[in-house]
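> A predicted structure for the sequence below; I have some questions about it.
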Amino acid sequence: MKKILLTFICLCLTFIGQAQSYSLFSPDNKIRLDFCLEEGKPFYSVVVDNQNFINRSSLGFQVADGVNLNKNFSFFSIDYNEKDEVWTQIWGENKQNCNHYREMTVVLKGVDEISLIIDFRVFDDGIAFRYEADVPYADSLFIL
């Protein structure tokens with residue numbers, strides 16, 4: 001019984017401190033976006049056809065007035081979504097346009113009630129992401 005308990009404790013300690021990682025695949029599964037937090041700092045990487053395309057890169061902003069949008073975060077929620085639609089434009093080269101992607105919305109909570117929302121979208125031909133920052137005590141942010 002002591003050996004089982006010791007083994008369990010060792011396994012738990014192995015996983016403490018490791019980064020939580022989440023992946024998002026394109027609809028055709030050829031592109032994979034990986035997202036993780038390491039010691040409160042967000043990172044992402046992109047793999048295309050099983051080859052590194054964008055190596056591990058940090059996310060976030062250094063902001064004036066002591067606001068920090070690039071570290072000291074923890075996971076609050078992660079949501080997945082998929083969209084497959086065709087939309088029509090009034091003029092242009094292509095009348096019908098396909099909008100097919102998978103989406104992962106990551107909500108991170110930081111100190112002083114700061115939250116950072118990162119929306120990732122992975123298409124069959126590329127990726128996109130956008131930030132939403134909620135800093136309750138600031139009406140505007142100056143990014144350095």
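Received the coordinates, thanks. Numbers count the residues shown, from 1 in each chain.

> partner residues bridging K109?
S74, S115 (DSSP bridges).

> got the contact list for it?
By C-beta atoms under 8 Å, 6 or more residues apart in numbering, K109 lies in contact with F73, S74, F75, F76, S115. Backbone N, C-alpha and C define where each C-beta goes, glycine included.

> what does N55 give?
Contacts of N55 (C-beta under 8 Å, 6+ apart): S45.

> how about the one 5 residues further on?
Applying C-beta under 8 Å, 6+ apart to G60 gives the contacts K41, P42, L69, N70, K71, L116.

> can you rerun that using 6 Å?
By C-beta atoms under 6 Å, 6 or more residues apart in numbering, the contact list for G60 reads P42, L69, N70.

> what segments of the protein are helices?
For the chain, the helices defined by DSSP state H cover 2-15.

> pairing-wise in the sheet, spell out the partners of the most centrally placed residue in the chain.
Central residue of the chain (C-alpha atoms, centre = their mean): F35, 4.7 Å from the mean position. Beta bridges link F35 to Y22, Y44 when assigned by DSSP bridges.

> of the contacts of K109, which is the most crowded?
When neighbours are taken as other C-beta atoms under 10 Å, the top entry among the contacts of K109 is F73 (24 neighbours).

> alpha carbons of stretch 87-98, as PDB, please.
Output of stretch 87-98 as PDB, limited to C-alpha atoms (Å, rounded to 0.1, in the frame of the first residue of the first chain):
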ATOM      1  CA  TRP A  87     -21.500  34.200 -47.800                       C
ATOM      2  CA  THR A  88     -22.200  36.300 -50.900                       C
ATOM      3  CA  GLN A  89     -20.500  39.600 -51.600                       C
ATOM      4  CA  ILE A  90     -22.000  42.400 -53.700                       C
ATOM      5  CA  TRP A  91     -19.100  42.800 -56.000                       C
ATOM      6  CA  GLY A  92     -15.600  41.400 -56.400                       C
ATOM      7  CA  GLU A  93     -13.800  38.500 -58.000                       C
ATOM      8  CA  ASN A  94     -15.600  35.800 -56.100                       C
ATOM      9  CA  LYS A  95     -19.400  36.100 -55.600                       C
ATOM     10  CA  GLN A  96     -19.600  33.100 -53.200                       C
ATOM     11  CA  ASN A  97     -17.100  32.800 -50.400                       C
ATOM     12  CA  CYS A  98     -16.500  29.900 -48.100                       C
END
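
> with that, I have no additional questions.
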